[in-house]
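need coordinates for the following:
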Amino acid sequence: MILKRMAGVVMAAMLLTTFLTGCSSNGTEQSDGSNGTDNGNTKEAAAMGRYLEEDVVLPEGITDIQALCEMEDGSLRLAGMGENYTGGVWETKDQGKKWDKVFDYPEELKGNEMKYLTSVALSPKGGAAAITTDYSKVDMQSGQGAVETGYWTMDDSGKAVPLPVALGNSSGGGQSTNISNQEPVSEGQEEGGADKLDIQMSSREMEEADNTEVQTGAESAGQSAGESVGESAGESAGQSTGQISQMEIPQYLNSWKYAPDNNLVGMGMDGKIHIIDPANGAVLRSIENSDAYFTNTGFVGNTLAAYAGSGVYYYDMTTGSALEKDEVLNEQLGTNNENGGISFGGGNSAVLLQGGKEDNILYYCNKDGIFRHVLGGNVSEQLIDGSLNSMADPSVTFSNLSAMKDGVFFLAYWKDMSSHLVRYTYSEDTPSVPEKEVKIYSLNENAEVRQAIALYQKQNPDTRVNYEVGLTGDDGVTVSDAIRTLNTNIMAGKGPDLFVLDGMSIESYQNKGLLADMSEIIKKVSGQDGFLENITKPYEKDGKIYAIPTRFMVPGIQSDKKNLDGIKDLKTLADTLEGLKQENADKDILGSKQPEDLVKRLYDTSASEWIKEDGTLKEDALKEFFTQLKKIYDLDKKEQTDSYNSITMNISGLSHMSGIADDSMSYLAGTTMANIGNINSINDLMQVVAVNEKLKDSGYKTLDGQASKVFVPGTMIGISSKAANKESAEKLASYMLSKDAQTVSQGGGFPVNKAAFDQIFTAEAGNSVPGIAISTVSENGVDLSLELKWPTEQQAAEFKALAEGLTTPANTDSIIREAVNSATDSCLNGTTSIDEAVKAVMQKVNLYLSE
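Just a heads-up that it's a prediction; the model follows:
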């Protein structure tokens with residue numbers, strides 16, 4: 001089902017790439033767990049009571065939750081889809097223990113490879129409404145044709161009736177939107193009509209495409225237009241990851257909900273909110289805000305709460321007029337929203353909103369938990385701590401929240417290519433704060449750590465994991481500052497129980513006796529699953545292991561096979577690239593890179609060769625690095641403009657600047673002759689393989705620099721010898737090394753757990769990857785389409801042989817990296833000499849060592 005259902009994402013992505021050129025805090029009160037009511041409990045009573053998370057088994061065959069709704073009688077309804085585009089509506093009267101089918105989706109709503117059920121809304125009074133999108137009249141090669149959007153209502157028998165919603169100049173029973181390459185909308189030009197682009201992804205499709213990111217330097221062209229109630233029209237909002245240009249923003253609905261008065265409230269692709277009469281499809285009023293692109297709504301009586309990346313806005317449902325902004329709520333939420341940009345579908349959001357059973361109460365859910373807020377009040381009460389359950393999991397995307405009248409909460413989320421449903425029930429006998437605690441520290445924010453913590457705490461509700469990050473990026477703290485603070489806290493007995501040592505000097509902490517031996521932990525996990533010994537062996541010292549990576553990355557180079565043969569180290573790399581430039585003077589070799597970006601791609605394979613036994617640097621080795629770095633930089637230092645719009649798939653939230661997948665489209669287009677970077681995940685590997693298959697004579701290999709057979713350790717962990725909670729730290733470390741934790745990845749490297757490493761290659765060998773596709777056409781008509789596939793058995797075996805042959809850990813000390821970065825720009829741009837750059841690095845590192 002996933003493969004078929006995700007064909008729609010490939011189509012939507014093709015349309016996207018054709019037409020897009022870029023596409024507890026203040027005011028928060030910790031709840032005592034009393035279901036959001038003041039009960040006058042004493043401090044002793046407040047020490048007990050907490051919401052606990054339980055998984056809810058979905059109706060048989062359902063993999064995609066499209067809507068949740070509490071009915072007037074207190075039961076819960078769920079709309080969902082499963083295999084072969086089939087689905088329907090189910091009801092439970094016992095909090096999800098048993099599901100009874102209400103009706104199957106009618107024939108009009110059933111999908112196929114070209115037609116998708118984009119959004120479903122459930123009414124508390126019974127019945128439902130749906131939006132369908134049909135691509136059957138679109139030529140997916142040219143991007144030309146009509147996309148038909150249909151609107152429907154259903155009663156409890158499942159009978160579908162067309163709803164003639166009319167937005168813009170569309171009319172009757174749905175919309176037929178014609179796709180074509182359009183000129184920019186000129187000032188004063190009348191907008192509307194049939195000649196508009198339709199780009200459609202359902203909420204599940206958008207998540208399965210895993211945050212496709214469209215990157216460009218182009219500016220947004222034009223504004224959406226049309227009469228509306230609320231703030232005047234302006235630029236399409238706010239916190240988007242890309243921009244729409246050279247086209248009119250299409251006017252159609254991509255999701256909707258039932259309001260308390262049973263009207264439908266739809267989210268438009270144009271960023272507007274439309275209130276619709278479900279009886280006749282009439283648009284009663286439209287709401288827009290030039291400062292916000294709305295992605296989610298909730299209802300509190302007659303007040304509409306609308307969420308955008310820039311905050312929550314209130315509107316009067318009767319008039320559509322804007323109400324006073326709730327500063328307390330918005331201060332609590334902040335404007336940091338990784339999912340708050342353009343929403344192509346039915347409701348996935350960083351924040352979910354829902355009205356409460358009491359008057360004037362709004363519930364909201366984000367990564368921090370579930371909160372209760374009185375409209376206009378001065379606090380937001382945290383009912384459920386997200387850090388103790390699935391809400392903190394970085395791979396989770398929220399889709400539906402239902403706050404039941406009996407105080408139970410249901411949360412639907414999307415993860416691992418399918419929907420999940422959890423129930424939060426208040427337990428009076430559970431301590432309000434977990435009895436055990438473990439503190440973990442990393443220099444930089446680490447998504448793999450967040451992932452592991454969320455999974456671990458779900459399995460261990462008696463333990464709170466406190467995660468501290470040294471460098472937040474918000475306070476001007478440098479690497480040196482953060483490490484000094486950490487060391488001070490350790491000496492004062494306030495240090496972490498578990499270190500994430502990425503960017504830190506493992507040798508320094510080991511030599512000072514600050515790391516405990518992890519041999520027994522590693523032996524136990526190894527006995528169950530095994531480890532990649534080439535990755536773990538380098539960390540053994542006198543039979544003991546004081547630190548171990550939980551993941552690793554593979555430095556790689558991609559080029560024509562004949563070019564790869566001569567590349568043995570950093571010097572031969574520079575010589576080979578120089579030869580390519582002489583043969584292809586009109587082309588970039590690696591592309592016009594900023595100095596720091598080039599360092600990121602070449603640093604890992606050389607830095608370990610600069611270090612003497614006493615920790616100081618080898619001057620001659622460092623000079624050789626800068627010499628070859630400048631030689632490579634000078635090949636492409638003149639900026640050139642690619643002949644196509646660069647499209648990058650940001651899979652699983654990846655943003656590794658040194659990832660080999662980042663420049664794969666430039667290499668595929670022939671505008672660069674080689675592609676260098678770390679292979680950070682199986683997704684990166686799939687992209688490398690897909691490009692090679694397209695180019696036929698292209699290949700890839702592991703990259704050696706001044707060091708050979710290098711791997712880049714990731715999420716390196718070590719237990720503090722001064723840990724206050726040693727047993728909990730050991731348990732968490734064991735979990736982070738387990739198959740259970742390592743088969744789930746945020747793109748920060750391959751598992752070191754052998755069973756997990758093998759599993760990620762065997763699960764779907766040779767199959768297409770649902771929805772992961774890249775497609776665009778260059779100005780000269782070159783097809784740059786890619787369909788990613790899981791590696792075949794042979795491809796997997798080839799990569800595993802390369803990975804298992806790596807034996808040299810890259811040096812990841814941030815002090816050295818920071819010193820090299822600070823000297824690179826002026827050196828590569830010629831304002832300082834290589835000797836001066838080397839001297840500057842030596843001075844900074846030696847000064848740090850002397851401290």
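
could you say which helix or strand holds Ala837?
Here Ala837, judged by DSSP states H and E, is contained in helix 834-850.

do the same with Ala67
strand 64-70.

who are the packing partners of the strand or helix carrying Val120?
Taking DSSP H and E as the definition, Val120 sits inside strand 115-122. Other helices and strands packing on strand 115-122, by 3 or more C-beta pairs under 8 Å, 6 or more residues apart in numbering; DSSP states H and E, are strand 64-70, strand 76-81, strand 128-139, strand 253-258. C-beta coordinates here come from the backbone N, C-alpha and C atoms, glycine included.

with mean neighbour count added, can I get those in JSON lines?
What follows is the helices and strands packed on strand 115-122, written out as JSON lines (neighbours: other C-beta atoms under 10 Å):
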{"stretch": "strand 64-70", "mean neighbour count": "24"}
{"stretch": "strand 76-81", "mean neighbour count": "25"}
{"stretch": "strand 128-139", "mean neighbour count": "21"}
{"stretch": "strand 253-258", "mean neighbour count": "26"}
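
between those, which one is closest to Gly407.
strand 64-70 (11.9 Å; C-beta to C-beta).

alpha carbons only: can I get the closest one in CSV?
Backbone C-alpha positions of strand 64-70 (Å, rounded to 0.1, in the frame of the first residue of the first chain) are rendered in CSV as follows:
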residue,chain,number,x,y,z
ASP,A,64,-2.9,6.3,7.7
ILE,A,65,-5.0,8.3,10.2
GLN,A,66,-6.7,11.1,8.4
ALA,A,67,-8.9,12.5,11.2
LEU,A,68,-10.0,12.1,14.9
CYS,A,69,-13.1,13.4,16.4
GLU,A,70,-15.0,13.1,19.7
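
how big is the angle separating it from strand 253-258?
Taking axes from the mean of the first three to the mean of the last three C-alpha atoms, to 10 degrees, one finds that strand 64-70 is oriented at 30 degrees with respect to strand 253-258.

Lys701: how many residues sit nearby?
15 (other C-beta atoms under 10 Å).

which other helices and strands contact whichever strand or helix holds it?
Here Lys701 sits within strand 698-702, counting by DSSP H and E. For strand 698-702, the contact count by 3+ C-beta pairs under 8 Å, 6+ apart identifies strand 548-560, helix 561-564, helix 682-695 as packing neighbours.

return the distance of the strand holding Ala67 from the chain's centre.
Here the centre of strand 64-70 is set off from its chain's centre by 23 Å, with C-alpha atoms, centre = their mean, to the nearest Å.

and stretch 440-457, by the same measure?
Worked out by C-alpha atoms, centre = their mean, stretch 440-457 lies 15 Å from the chain centre.

thinking again about what came up before, parallel or antiparallel, which strands does the strand holding Lys701 pair with?
strand 548-560 (antiparallel) (DSSP bridges).

pLDDT (mean, whole number) over the strand it pairs with?
Strand 548-560 carries an average pLDDT of 97.

tell me where the model's unsure across this structure.
Within the chain, the stretches with pLDDT under 70 are 1-46, 140-143, 168-250, 335-349, 637-657, 763-783, 851.

domain-wise, how is it divided?
52-167+250-425, 436-550+715-745, 551-637+657-709+756-849 (the TED database).

now the first one: how far from the chain's centre is it?
Right, the one you point to is domain 52-167+250-425. 20 Å.
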